[in-house]
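1. this is the structure alone, sequence omitted:
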């Protein structure tokens with residue numbers, strides 16, 4: 001559900017599962033030439049690690065803004081599903097059955113469910129994927145990045161959003177051990193006081209980028225997905241962290257953590273690489289956008305105003321570089337906070353998103369400026385941000401062996 005989430009989660013997943021792909025934590029895979037990209041795919045970057053994820057976010061963002069996606073775009077997404085119902089990060093050859101060794105991805109699967117459920121007319125695909133997600137739920141009630149991996153806050157949260165989008169009751173989704181997804185989420189909630197008090201960590205043993213996992217968990221606590229809209233009931237507790245014993249209290253603390261983290265600058269920063277000079281940290285646009293959606297859902301609309309304004313003034317270059325998923329994140333943030341995504345700091349996010357893929361069935365032709373943005377969309381989720389965050393995460397987790405990476409993040 002964010003720029004760093006895809007990368008950080010992939011690194012942890014590959015470390016835990018010992019996947020046998022070529023090490024990708026330190027060397028990017030060879031990008032797929034544009035001419036080889038499948039019809040219907042949004043973005044021009046290599047889709048190996050995020051094809052399904054970015055496509056899902058693009059279609060979901062289009063739907064939320066009244067745009068009817070191209071049939072080819074929907075067909076690309078549905079065609080990525082494997083026979084058992086799960087989705088991989090991406091598979092190039094859909095004429096053949098999924099290879100048994102192809103890792104399936106709970107995050108990509110859950111994002112696809114959210115997009116296809118919103119679009120409608122894809123009940124068979126949605127139901128099959130929901131059934132698969134339910135079949136790979138961990139004993140603790142949560143989900144890992146790949147089936148069999150330890151549960152994490154991000155994966156559990158995006159699956160909760162998928163279950164809700166498909167008309168299921170996440171709180172009733174009990175594992176074989178009798179645990180619900182919310183039981184799992186509570187294990188990632190840090191108590192007040194101390195470093196990152198009130199936040200949700202990625203995993204208990206691997207804190208990761210807590211702004212990312214916290215934003216995801218706050219949304220999930222409200223049973224909402226990536227494109228949550230509408231302000232929640234005003235949180236009268238303000239931004240103080242309080243002792244929490246249930247998911248409602250933990251959601252307040254998580255939102256308070258986000259609000260306090262954004263209060264000074266109006267944005268989050270990406271963590272520096274180990275040993276690097278952090279005197280001028282780079283802004284984290286994706287997590288800032290996700291935090292706005294979470295704050296709005298929590299009823300902290302006032303606390304969302306400053307980061308929203310900051311994004312309006314500063315996010316254009318980031319979105320242009322990172323492509324469809326980045327535009328989608330900004331659209332989600334704009335709509336959650338009551339802003340117009342078609343006039344976001346002087347930018348039409350909807351037209352810019354539409355220009356990164358096949359022309360929608362029902363949308364105004366993208367402007368010349370949006371088309372020019374599309375021509376420069378060379379990095380997508382393959383941007384340098386991922387690799388920087390990936391290296392940081394490897395050091396932060398303290399893994400002393402080579403990672404067999406398989407994916408990176410979204411935007």
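-> Okay, I see it. Bear in mind that the values here come from a model prediction, so they are computed numbers and not experimental data. Numbers count the residues shown, from 1 in each chain.
2. quick one: residue 84 is in a helix?
-> No: counting by DSSP: H, G, I helix; E, B strand; the rest coil, residue 84 is located in no helix; its state is coil.
3. could you check stretch 254-272 and say which residues are buried?
-> Neighbour-count burial for stretch 254-272, counted by 16 or more other CB atoms under 10 Å, picks out 254-259, 261-262, 266-271. In this view, the C-beta of every residue, glycine as well, is placed from N, C-alpha and C.
4. kindly report the same for stretch 114-129.
-> Of all the residues in stretch 114-129, those buried under the rule 16+ other CB under 10 Å are 114-119, 122, 125-126, 128-129.
5. apart from its chain neighbours, what residue comes closest to residue 207?
-> Spatially, and ignoring its direct neighbours in sequence, residue 207 is nearest to residue 201 (4.3 Å; CB to CB, 6 or more residues apart in numbering).
6. quick check: that neighbour touching residue 213?
-> Yes: Residue 201 is within contact range of residue 213, at 6.0 Å (criterion: CB atoms under 8 Å).
7. so those two - more neighbours on which side?
-> residue 213 (32 against 21; other CB atoms under 10 Å).
8. that older thread, return every residue with contacts to both of residue 201 and residue 213.
-> 153, 188 (CB atoms under 8 Å, 6 or more residues apart in numbering).
9. pipe the buried residues of stretch 114-129 into JSON lines and attach secondary structure per row.
-> What follows is the buried residues of stretch 114-129, written out as JSON lines (three-state DSSP):
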{"residue": "114", "secondary structure": "helix"}
{"residue": "115", "secondary structure": "helix"}
{"residue": "116", "secondary structure": "helix"}
{"residue": "117", "secondary structure": "helix"}
{"residue": "118", "secondary structure": "helix"}
{"residue": "119", "secondary structure": "helix"}
{"residue": "122", "secondary structure": "coil"}
{"residue": "125", "secondary structure": "helix"}
{"residue": "126", "secondary structure": "helix"}
{"residue": "128", "secondary structure": "helix"}
{"residue": "129", "secondary structure": "helix"}
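10. from those residues, pick the one nearest residue 45.
-> Nearest to residue 45 among these is residue 115, at 18.8 Å by CB to CB.
11. show me the contacts for the closest one.
-> 55-57, 59-60, 63, 77 are the contacts of residue 115 under CB under 8 Å, 6+ apart.
12. what about residue 48, how many residues nearby?
-> So residue 48, with other CB under 10 Å, has 23 neighbours.
13. ok, it touching residue 90?
-> Yes: the pair residue 48 and residue 90 passes the contact test of CB under 8 Å, sitting 5.5 Å apart.
14. where do the helices sit along the stretch 101-250 of the chain?
-> For the stretch 101-250 of the chain, helices defined by DSSP state H, counting those that start in this stretch occupy the ranges 106-119, 123-135, 153-165, 181-187, 210-221, 247-263.
15. so which elements touch the fourth one?
-> It stands for helix 181-187. helix 153-165, helix 210-221, helix 247-263 (3 or more CB pairs under 8 Å, 6 or more residues apart in numbering; DSSP states H and E).
16. need these in TSV with mean pLDDT and distance to residue 357, can you?
-> What follows is the helices and strands packed on helix 181-187, written out as TSV (pLDDT from 0 to 100; distance: least, CB to CB, whole Å):
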stretch	mean pLDDT	distance to residue 357
helix 153-165	98	22
helix 210-221	97	25
helix 247-263	98	31
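17. make JSON lines out of these and add distance to residue 147.
-> Shown next, in JSON lines, are the helices and strands packed on helix 181-187 (distance: least, CB to CB, whole Å):
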{"stretch": "helix 153-165", "distance to residue 147": "10"}
{"stretch": "helix 210-221", "distance to residue 147": "19"}
{"stretch": "helix 247-263", "distance to residue 147": "24"}
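18. picking up where we left off before, just flag the most distant two among the buried residues of stretch 114-129.
-> So, the buried residues of stretch 114-129 by CB to CB: farthest apart are 118 and 128, at 16.9 Å.
19. verify the contact between residue 255 and residue 294 for me.
-> Yes: with contact defined as CB under 8 Å, residue 255 reaches residue 294; the gap is 6.2 Å.
20. so what sits against both of these two?
-> By CB under 8 Å, 6+ apart, the residues touching both residue 255 and residue 294 are residue 218.
21. one step back: in helices only, show me the contacts of residue 115.
-> 55-57, 59-60, 63, 77 (DSSP state H).
22. from the residues you listed, pick the one nearest residue 158.
-> residue 56 (10.1 Å).
23. which ones are touching the closest one?
-> By CB under 8 Å, 6+ apart, the contact list for residue 56 reads 77, 108, 111-112, 114-115.
24. and those as JSON lines, adding pLDDT and distance to residue 281?
-> Output for the contacts of residue 56, formatted as JSON lines (pLDDT from 0 to 100; distance: CB to CB, whole Å):
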{"residue": "77", "pLDDT": "98", "distance to residue 281": "35"}
{"residue": "108", "pLDDT": "98", "distance to residue 281": "29"}
{"residue": "111", "pLDDT": "98", "distance to residue 281": "28"}
{"residue": "112", "pLDDT": "98", "distance to residue 281": "33"}
{"residue": "114", "pLDDT": "98", "distance to residue 281": "31"}
{"residue": "115", "pLDDT": "98", "distance to residue 281": "33"}
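25. okay if I get the residues you listed as TSV plus distance to residue 249?
-> Rendered in TSV, the data for these read as follows (distance: CB to CB, whole Å):
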residue	distance to residue 249
77	37
108	31
111	28
112	32
114	26
115	31
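26. looking at those residues, which is nearest residue 282?
-> residue 111 (25.3 Å).
27. flag the shaky bits of this structure, pLDDT-wise.
-> Per-residue confidence for the chain (pLDDT under 70) gives these ranges: 1-35, 273-279, 362-411.
28. could you rerun that using 80?
-> 1-35, 207, 230-232, 271-280, 362-411 (pLDDT under 80).
29. quick one: the strands in it?
-> 268-269, 283-284 (DSSP state E).
30. residue 39 is nearest to which of the ones you listed?
-> strand 283-284 (33.2 Å).
31. how far off centre is that closest one?
-> 15 Å (CA atoms, centre = their mean, to the nearest Å).
32. which residues does residue 342 contact?
-> 65, 348-351.
33. again but with residue 220, I slipped
-> 156-158, 160-161, 170, 181, 185.
34. ranking those residues by neighbours, who comes first?
-> Busiest of the contacts of residue 220 [other CB under 10 Å] is residue 157, holding 35 neighbours.
35. thanks a lot, catch you later.
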